[in-house]
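Visitor: no FASTA, just this:
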Ligand SMILES: Cc1ncc(COP(=O)(O)OP(=O)(O)O)c(N)n1
Ligand SMILES: Cc1ncsc1CCOP(=O)(O)O
Ligand SMILES: [Mg+2]
């Protein structure tokens with residue numbers, strides 16, 4: 001499913017099965033799920049676990065389905081449609097839960113992604129779920145992701161959740177109990193000054209931070225979030241991006257609901273794919289470490305995620321933000337050869353050689369470009385770039401964990417950073433780098449990439465999200481593709497093989513520039 005398909009309602013939509021309760025007021029439950037999914041171009045099929053009688057302020061009663069009625073709904077659905085993902089909300093009792101576990105486990109591999117929003121109570125306080133400990137464990141072992149708020153996390157683990165440390169301890173406990181991954185919604189974490197959601201898997205922790213917003217009367221935000229995660233997963237986003245987008249989606253509905261008086265705020269309105277950069281959370285990645293050693297401190301320099309209210313000074317800006325074609329080359333000879341084109345920017349990217357040899361090459365590259373308008377970026381070797389006074393340095397995601405960003409900023413060395421999706425963009429935007437690279441856009445033979453090619457539609461959205469920071473597209477860009485890439489509004493287009501693997505590199509430079517509309 002491409003992003004293009006996400007935008008065209010006429011295209012066959014992927015299907016998510018929503019299993020949960022009906023809220024007669026329409027504010028939450030499977031009605032909310034279906035509205036959210038439709039807003040994100042996904043078709044919802046529903047399996048009802050219980051019918052509740054409630055308004056926006058009170059829950060009066062509920063009637064649970066028997067396990068056999070649930071089973072029958074599953075059976076009929078499975079005969080007519082295939083789920084791309086399953087979103088589970090309120091499960092009334094052990095019988096229902098065990099039936100769902102058995103049904104999910106019997107699905108053919110690869111199984112659809114399953115997210116469980118373990119709704120315990122309605123926002124008005126009505127109890128929706130009575131599950132025993134072993135059954136909770138069975139569910140945790142079966143689903144791919146569980147999305148509790150802090151109260152539900154406490155219920156799932158029998159642990160107090162009242163501080164960041166206790167939240168982390170409970171999340172780790174849930175993983176010990178067999179959960180594959182957990183996303184904790186921080187909205188109820190009253191001790192936090194910001195709204196911080198935390199994702200924990202056996203290998204990593206990701207924090208998603210937003211300024212706290214007055215939630216107003218909006219209901220069903222938990223259902224909305226879990227449904228949005230399922231929607232973005234079926235639209236083929238990696239889990240980090242699906243979580244970032246779902247967080248931004250809920251934030252966008254919240255803002256809309258607070259700012260508009262033209263509708264009932266409890267229900268919110270459809271807002272579509274999140275596009276407003278202000279709705280996106282700050283993202284911080286960290287490896288999962290033993291409880292005793294890991295801290296949640298967000299030191300702006302050592303760990304590159306500041307709190308959203310921390311003021312970070314930007315890296316030195318480019319002298320020309322209209323970058324045009326950006327050749328990425330591996331020798332001084334290539335730089336010498338390409339300088340006569342008048343290129344505004346060039347990257348020295350060398351992967352082999354002794355430190356001494358590379359130092360010498362960087363020195364020569366700097367000398368060659370010193371009195372030209374060509375902005376020279378050194379890939380990887382940030383210490384040498386700083387020491388030798390290069391114009392800029394280009395770093396990857398792993399490099400920014402270890403590089404001394406403060407030293408780079410202080411030296412006035414420009415910084416370009418690679419990203420591969422929404423989560424990484426939100427990780428680096430807050431650092432205010434000199435440019436953000438977006439890739440890889442198309443399949444490439446130049447480098448082995450761990451992620452999938454992003455395509456043009458995603459690239460357009462990334463460019464929008466980077467507002468105010470220059471952008472560079474990279475990966476598999478050639479003469480046939482460059483015009484479409486340029487139309488997205490990127491400031492620069494980086495190429496390796498389209499220049500270095502052709503018979504006439506200078507001719508290729510001019511032809512690519514012309515095709516992109518740069519010449
Ligand atoms: C302009 C531009 N974008 C991305 C990259 C990739 O950098 P990185 O992630 O550091 O990977 P390597 O290039 O070191 O393999 C780049 N070099 N330039
Ligand atoms: C270094 C790098 N980073 C992401 S894709 C890529 C290689 C781009 O090379 P090409 O332009 O030949 O596809
Ligand atoms: Mg690198």
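Guide: Cool, the structure landed. Worth saying up front: this structure is predicted, and the values here are computed from it rather than measured. Residues are numbered from 1 along each chain as shown. Ligands and ions are numbered 1, 2, ... in the order given.
Visitor: Where do the helices of the stretch 151-300 of the chain begin and end?
Guide: For the stretch 151-300 of the chain, the helices identified by DSSP state H, counting those that start in this stretch occupy 164-176, 221-234, 239-259, in order along the chain.
Visitor: could you dump those to JSON lines with mean neighbour count, mean pLDDT and distance to ligand 3?
Guide: Where C-beta positions appear, they are placed from N, C-alpha and C, glycine not excepted. Conversion of the helices of the stretch 151-300 of the chain to JSON lines gives the following (neighbours: other C-beta atoms under 10 Å; pLDDT from 0 to 100; distance: least, C-beta to the ion, whole Å):
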{"stretch": "helix 164-176", "mean neighbour count": "19", "mean pLDDT": "95", "distance to ligand 3": "31"}
{"stretch": "helix 221-234", "mean neighbour count": "28", "mean pLDDT": "97", "distance to ligand 3": "28"}
{"stretch": "helix 239-259", "mean neighbour count": "23", "mean pLDDT": "92", "distance to ligand 3": "20"}
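Visitor: And for the closest residue to ligand 1 within the stretch 351-500 of the chain, the neighbour number?
Guide: When C-beta to the nearest ligand atom is the measure, the stretch 351-500 of the chain has its nearest residue to ligand 1 at residue 396, with 2.7 Å between them. Here the count is done by other C-beta atoms under 10 Å, and residue 396 has 15 residues near it.
Visitor: got the contact list for it?
Guide: 380, 417-418 (C-beta atoms under 8 Å, 6 or more residues apart in numbering).
Visitor: quick one: which of the residues you listed has the most company?
Guide: For the contacts of residue 396, counting by other C-beta under 10 Å, the largest number of neighbours falls to residue 417: 27 neighbours.
Visitor: just to revisit the earlier point, looking at the helices of the stretch 151-300 of the chain, which is nearest to residue 375?
Guide: Nearest of the helices of the stretch 151-300 of the chain to residue 375, taken as C-beta to C-beta: helix 239-259 at 29.9 Å.
Visitor: any idea of the angle that closest one forms with helix 221-234?
Guide: In terms of direction (axes from the mean of the first three to the mean of the last three C-alpha atoms, to 10 degrees), helix 239-259 departs from helix 221-234 by 140 degrees.
Visitor: ok so, going back, out of the contacts of residue 396, who's near ligand 3?
Guide: Counting by C-beta under 5 Å from the ion, residue 380 from those sit close to ligand 3.
Visitor: which other helices and strands contact the helix or strand hosting residue 367?
Guide: With the criterion set as DSSP states H and E, the secondary-structure element containing residue 367 is helix 355-369. Under the contact criterion of 3 or more C-beta pairs under 8 Å, 6 or more residues apart in numbering; DSSP states H and E, helix 355-369 touches helix 332-338, strand 345-348, strand 375-379, helix 382-388.
Visitor: interface residues of the stretch 401-519 of the chain facing ligand 2?
Guide: Of all the residues in the stretch 401-519 of the chain, those in contact range of ligand 2 (C-beta under 6 Å from any ligand atom) are 439-440, 444, 446-447, 474-477, 495-498.
Visitor: Now the closest residue in space to residue 140 that isn't next to it in sequence: phi and psi?
Guide: Nearest residue to residue 140 in three dimensions, chain neighbours excluded: residue 179, at 4.2 Å (C-beta to C-beta, 6 or more residues apart in numbering). According to degrees, to the nearest 10, the main-chain angles of residue 179 amount to phi -70, psi 140.
Visitor: cool, residue 319 as well?
Guide: According to degrees, to the nearest 10, the main-chain angles of residue 319 amount to phi -80, psi -30.
Visitor: Out of the helices of the stretch 151-300 of the chain, which is closest to ligand 1?
Guide: helix 239-259 (16.1 Å).
Visitor: Keep the residues of the stretch 401-519 of the chain next to ligand 2, but drop any that are not near ligand 1.
Guide: Of the entries in these, those that also sit close to ligand 1 under the rule C-beta under 6 Å from any ligand atom are 439, 447, 474.
Visitor: With distance to ligand 2 as added columns, please give the helices of the stretch 151-300 of the chain in CSV.
Guide: Putting the helices of the stretch 151-300 of the chain into CSV (distance: least, C-beta to the nearest ligand atom, whole Å) gives the following:
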stretch, distance to ligand 2
helix 164-176, 32
helix 221-234, 23
helix 239-259, 17
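Visitor: Taking the stretch 51-200 of the chain, what residue is nearest to ligand 2?
Guide: Residue of the stretch 51-200 of the chain nearest ligand 2, by C-beta to the nearest ligand atom: residue 199 (25.3 Å).
Visitor: ok, for that residue, nearest residue in space, not its chain neighbours?
Guide: Take residue 199 and drop its neighbours on the chain: the residue closest to it by C-beta to C-beta, 6+ apart is residue 206, 4.3 Å away.
Visitor: now that neighbour: how far from residue 423?
Guide: Going from residue 206 to residue 423 by C-beta to C-beta, to the nearest Å gives 7 Å.
Visitor: got any residues that touch both of those two?
Guide: By the contact definition C-beta under 8 Å, 6+ apart, residue 206 and residue 423 are jointly contacted by 240, 243, 283, 285.
Visitor: can you pull the contacts of the last one?
Guide: Under the criterion of C-beta under 8 Å, 6+ apart, the contact partners of residue 285 comprise 204-206, 240, 423, 427.
Visitor: how close does it sit to ligand 3?
Guide: 17 Å (C-beta to the ion, to the nearest Å).
Visitor: The third one now?
Guide: Using C-beta to the ion, one gets 20 Å for the distance from residue 283 to ligand 3.
Visitor: just checking, that residue touches residue 428?
Guide: No. With contact defined as C-beta atoms under 8 Å, residue 283 does not reach residue 428; the gap is 9.0 Å.
Visitor: still on that earlier bit, show residues contacting the helix holding residue 367.
Guide: For helix 355-369, contacts defined as C-beta under 8 Å, 6+ apart pick out 331-332, 335-336, 339, 346, 348, 350, 353, 375-376, 378, 381, 384-385, 388-391.
Visitor: among these, which ones are buried?
Guide: Among these, those classed as buried by neighbour count (16 or more other C-beta atoms under 10 Å) are 332, 335, 346, 348, 350, 375-376, 378, 381, 384-385, 388, 390-391.
Visitor: need these in CSV with pLDDT, can you?
Guide: Compiled in CSV, the buried ones among the contacts of helix 355-369 are given as follows (pLDDT from 0 to 100):
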residue, pLDDT
332, 98
335, 98
346, 98
348, 98
350, 96
375, 98
376, 98
378, 98
381, 98
384, 98
385, 98
388, 98
390, 98
391, 98
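Visitor: before we move on, back to that, what's the PyMOL line that selects buried ones from the contacts of residue 285?
Guide: Filtering these down to the buried ones (16+ other C-beta under 10 Å) takes a single PyMOL command:
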select buried, resi 205+206+240+423+427
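Visitor: and stretch 360-380, does that touch ligand 2?
Guide: No. Counting by C-beta under 6 Å from any ligand atom, no contacts exist between stretch 360-380 and ligand 2, the nearest distance being 8.0 Å.
Visitor: ends of that stretch, how far apart?
Guide: Distance between the two ends of stretch 360-380: 15 Å, counting by C-alpha to C-alpha, to the nearest Å.
Visitor: Understood, closing this out.
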